[in-house]
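Student: From the sequence below, what's the structure:
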Amino acid sequence: MKIYFKGRMSTFGGPHDFGVRPSEGLALVDAHNRHHYHEYFLGTQPAGTTGMARCLNPDKFYVACRWNYHMTPKHVLSTILVEVTNPANGNRAYAKPIDWGPNESTGRVADLSPGLARHLSLKTNDTVEVHYN
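Tutor: Below is the predicted model of the structure:
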């Protein structure tokens, strides 16, 4: 199985992500499997929210891409980490696939956690590579 995305990125997740609805969920995490992802979430649900997207810990390393579920089914994505690289400086880190996105209309290929973007010195619309071999 090989995963490869290269293109522009943005950030998502956490209590201050007002680009997601307060009730917005995650494509790869639900009430049945959330325990497998516990380290990616805050200890308490942010006030005024019910969804998992705003409950993500923005300092943890997670990523959303437009995964091809035929090539990488959800149950496979739940067991792997992908390597995320800033090709401009070579910084890299491993991140947990946690959601599907960003919307194709954005022209972006990946949404990274704010902490991962900071770690890689990436800002919205910078180029990123996401891969798994």
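
Student: Flag the helix or strand of this structure with the lowest per-element mean pLDDT.
Tutor: helix 74-77 (a mean of 94; mean pLDDT, DSSP states H and E).

Student: In the protein, which helix is the longest?
Tutor: helix 114-120 (DSSP state H).

Student: what comes into contact with it?
Tutor: Contact with helix 114-120 is made by 9, 11, 13-14, 57-63, 84-86, 89, 91-93, 95, 112, 123, 128, as judged by Cβ atoms under 8 Å, 6 or more residues apart in numbering. Where you see a C-beta, it was placed from the backbone N, CA and C, and this is true even at glycine.

Student: can we see that at 6 Å?
Tutor: For helix 114-120, the external contacting residues (Cβ atoms under 6 Å, 6 or more residues apart in numbering) are 11, 58-59, 61, 86, 91, 93, 95.

Student: ok, those residues vs residue 45, which is closest?
Tutor: residue 58 (14.6 Å; Cβ to Cβ).

Student: Indicate each strand paired with the helix or strand following the least confident helix or strand of the chain and its parallel or antiparallel sense.
Tutor: Later in the chain than helix 74-77, the nearest helix or strand by DSSP states H and E is strand 82-85. Here strand 82-85 has these sheet partners by DSSP bridges: strand 92-100 (antiparallel), strand 127-132 (antiparallel).

Student: most tightly surrounded among the ones you listed?
Tutor: For the strands paired with strand 82-85, average neighbour numbers computed from mean count of other Cβ atoms under 10 Å are highest in strand 92-100, which has a mean of 20.

Student: strands paired with the next helix or strand after it, and their directions?
Tutor: Remark: after strand 92-100, the chain's next helix or strand is strand 108-112, criterion DSSP H and E. With DSSP bridges as the test, strand 108-112 is paired with strand 3-11 (parallel), strand 62-65 (antiparallel).
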